[in-house]
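Engineer: my questions concern the predicted model and sequence given below.
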Amino acid sequence: MLSRTADNLYWLSRYVERAEFVARILDAAHRLASLPTSYGGGETNEWASALASAGDAEAFKAHYDTVNSHTVCDFLAFSPKNPSSIRTCIETARENARSVRTALTTEMWDAINGAWLELRSYEGRDLTRDEFSRFLDWVKGISLTFDGSAYRTMLRNDAYWFTRLGTAIERADNTARILDVKYQILLPASEKVGGSLDYFQWTTILREVSAFNAYHWVYRESIKPLLVADLLILNRQMPRSFANCYAMLVEHLDLIADAYGRRGPSQRLASNMLARLEGEDIDRIFTAGLHEFVTAFIAENNRVGQAIAEQYLV
C-alpha cells in the first residue's frame with residue numbers, strides 16, 4: 001500500500017472519531033450546565049472544561065473574548081477556523097475519503113459523504129437547544145455508522161488495519177483528556193470531592209463515553225472516582241479504556257508488521273505501553289497522582305502516533 005493511501009485511511013478514521021468526541025463533550029457540557037443552582041450549576045466551569053477537553057482553549061481565545069454556551073458551541077461545532085470543530089472534522093474526513101475512494105467500501109463512502117452533504121443543512125442556522133441536541137446525536141450516529149460499516153464490510157487487510165490504528169490512537173487520546181479535565185478542572189474549589197456535584201460530574205463523564213451501564217455491570221457499586229478511573233484506564237473490557245485501545249493498537253500493528261515483513265519503533269512503543277498498563281494498579285496510580293499518570297500517557301500516545309507516521313505514513 002502507498003504511504004499516502006495509508007495516511008488518508010488513518011486520518012479519515014481519526015477525524016471521524018474526533019467529531020464524535022467533540023459532540024460528546026458538548027453534550028456533557030449541556031448536561032452539566034443544566035444543573036440547578038443548588039447543585040452548583042450556576043458556579044461550575046463546564047464550558048471552559050469543554051474547551052480544555054477538546055484541546056482548543058488557546059485557539060478559542062484568538063477568536064472569542066467570552067467563554068459561554070453560545071461561543072463554545074459555535075467554535076467547537078461549526079467554526080471553520082477551528083481545525084478540530086465538528087464541521088472541520090467531517091469536511092476533512094470526507095476529503096480524505098475522497099482521496100482513497102477505491103480503498104473504501106460503498107457503505108463507508110456513503111456514510112461519510114452523506115454526512116458531509118447533510119452537514120450543509122446546518123450551516124448558517126441559529127439552532128435551538130433541542131435542535132442542537134439532535135445535531136449532536138446525529139454526529140454521534142455518523143461515527144457509529146461509519147465505524148460499523150468498516151467493521152462489517154472491509155476486507156481484513158492493511159487498509160482495514162490502518163483505519164483501526166487511527167481509531168485507537170484518537171480514542172485513547174480522547175479518553176485521557178476527558179479523565180484529566182474532570183480531575184483537574186471541572187470541580188470548583190468551593191465544592192468537596194464526593195459531594196453531589198462531584199457525583200453528578202463523574203456520572204456525566206461515564207455517560208459521555210457510553211460507560212454508565214458498563215460501570216454498574218463491572219463494579220456493582222455507586223459511582224466512585226477510583227473505580228471510574230480503573231474502568232477508563234485499565235479495564236480491557238471497556239472499548240474506550242487506555243488498555244483496550246492499546247490492545248487494539250498492538251494487534252493491528254503486529255498484523256501490519258507480519259504482512260510487510262518488518263517491525264519498528266511503533267510496534268515496540270505500543271507493546272511497551274500495553275505491558276505497562278497490564279502491570280499497573282489503580283491504587284498505585286492514584287497514590288502517585290492521576291494527573292501525572294494521564295499527562296504522561298497523553299505524551300506517550302503522541303509518541304506512538306508519531307512513530308506510526310514516520311514508519312508508515314510518510
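Structural biologist: Okay, I see it. Remember, predicted model here, so these are calculated numbers, not experimental data.

Engineer: remind me, longest helix of this protein?
Structural biologist: helix 3-33 (DSSP state H).

Engineer: quick one: average pLDDT of it?
Structural biologist: Across helix 3-33, pLDDT averages out at 93.

Engineer: packing partners of that helix?
Structural biologist: Judged by 3 or more Cβ pairs under 8 Å, 6 or more residues apart in numbering; DSSP states H and E, helix 3-33 is in contact with helix 46-54, helix 69-73, helix 86-99, helix 129-153, helix 158-181, helix 196-208. Where C-beta positions appear, they are placed from N, C-alpha and C, glycine not excepted.

Engineer: tell me which other helices or strands the fourth one touches.
Structural biologist: When contacts are defined as 3+ Cβ pairs under 8 Å, 6+ apart, helix 129-153 sits against helix 3-33, helix 86-99, helix 106-119, helix 158-181.

Engineer: next, the buried residues of it.
Structural biologist: 132, 135-136, 139-140, 142-143, 145-147, 149-150 (16 or more other Cβ atoms under 10 Å).

Engineer: and the helices and strands packed on helix 3-33 as JSON lines, adding mean pLDDT and distance to residue 284?
Structural biologist: Shown next, in JSON lines, are the helices and strands packed on helix 3-33 (pLDDT from 0 to 100; distance: least, Cβ to Cβ, whole Å):
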{"stretch": "helix 46-54", "mean pLDDT": "86", "distance to residue 284": "25"}
{"stretch": "helix 69-73", "mean pLDDT": "92", "distance to residue 284": "36"}
{"stretch": "helix 86-99", "mean pLDDT": "97", "distance to residue 284": "36"}
{"stretch": "helix 129-153", "mean pLDDT": "94", "distance to residue 284": "33"}
{"stretch": "helix 158-181", "mean pLDDT": "93", "distance to residue 284": "16"}
{"stretch": "helix 196-208", "mean pLDDT": "74", "distance to residue 284": "21"}
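
Engineer: go through those and name the closest to residue 239.
Structural biologist: helix 158-181 (7.9 Å; Cβ to Cβ).

Engineer: quick one on the thing from earlier: can you add distance to residue 164 and give the buried residues of helix 129-153 back as JSON lines?
Structural biologist: JSON lines is the format used below for those (distance: Cβ to Cβ, whole Å):
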{"residue": "132", "distance to residue 164": "31"}
{"residue": "135", "distance to residue 164": "28"}
{"residue": "136", "distance to residue 164": "25"}
{"residue": "139", "distance to residue 164": "21"}
{"residue": "140", "distance to residue 164": "20"}
{"residue": "142", "distance to residue 164": "18"}
{"residue": "143", "distance to residue 164": "14"}
{"residue": "145", "distance to residue 164": "17"}
{"residue": "146", "distance to residue 164": "13"}
{"residue": "147", "distance to residue 164": "10"}
{"residue": "149", "distance to residue 164": "14"}
{"residue": "150", "distance to residue 164": "8"}
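
Engineer: sorry, back to before: tilt between the longest helix of the chain and helix 129-153?
Structural biologist: Using axes from the mean of the first three to the mean of the last three Cα atoms, to 10 degrees, the direction of helix 3-33 lies 140 degrees away from that of helix 129-153.
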